[in-house]
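Asks: sequence isn't available, so here's the structure alone:
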């Protein structure tokens, strides 16, 4: 098991905008060679890399919808490269929830994903 310090990484660019990174928090190797990977997926009330500013209610709604119907995990968000699932129906250790992030205090997407092809 690999543990990572729970923290957001922030960088400012030349125009004084900052980027918010949410590192993987834990990696647990499974007996079949797959992994359970835990970490923050999205943080509300911050502009994300696609220019979206998810509010807490929208984040909760999207997490429920995505988790109920898909829960798919893709390599670098590439739809042609599925590598796992965050749905409890696909693996008992998987989880999709909205929690308060320890650094921002805002609602954030927490994922425990079953990665089968990394």
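Replies: Perfect, thanks for sending it. Values in this document were obtained by computation on a predicted structure and should not be read as measured data. Numbers count the residues shown, from 1 in each chain.
Asks: mind listing what's buried in stretch 39-46?
Replies: Judged by neighbour count using 16 or more other CB atoms under 10 Å, the buried positions of stretch 39-46 are 39-44, 46. Glycine gets a C-beta too; all of them are placed from N, C-alpha and C.
Asks: mark which of these are part of strands, please.
Replies: Taking DSSP state E, the ones among the buried residues of stretch 39-46 that sit in strands are 39-43.
Asks: wait, which of the residues you listed is closest to residue 50?
Replies: Relative to residue 50, the closest of those is residue 42; by CB to CB it sits at 10.5 Å.
Asks: about what we covered before: tabulate the buried residues of stretch 39-46 (CSV), appending distance to residue 114.
Replies: Converted to CSV, the buried residues of stretch 39-46 look like this (distance: CB to CB, whole Å):
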residue, distance to residue 114
39, 13
40, 17
41, 14
42, 19
43, 23
44, 25
46, 27
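Asks: mean confidence score for stretch 78-92?
Replies: On average, the pLDDT along stretch 78-92 is 87.
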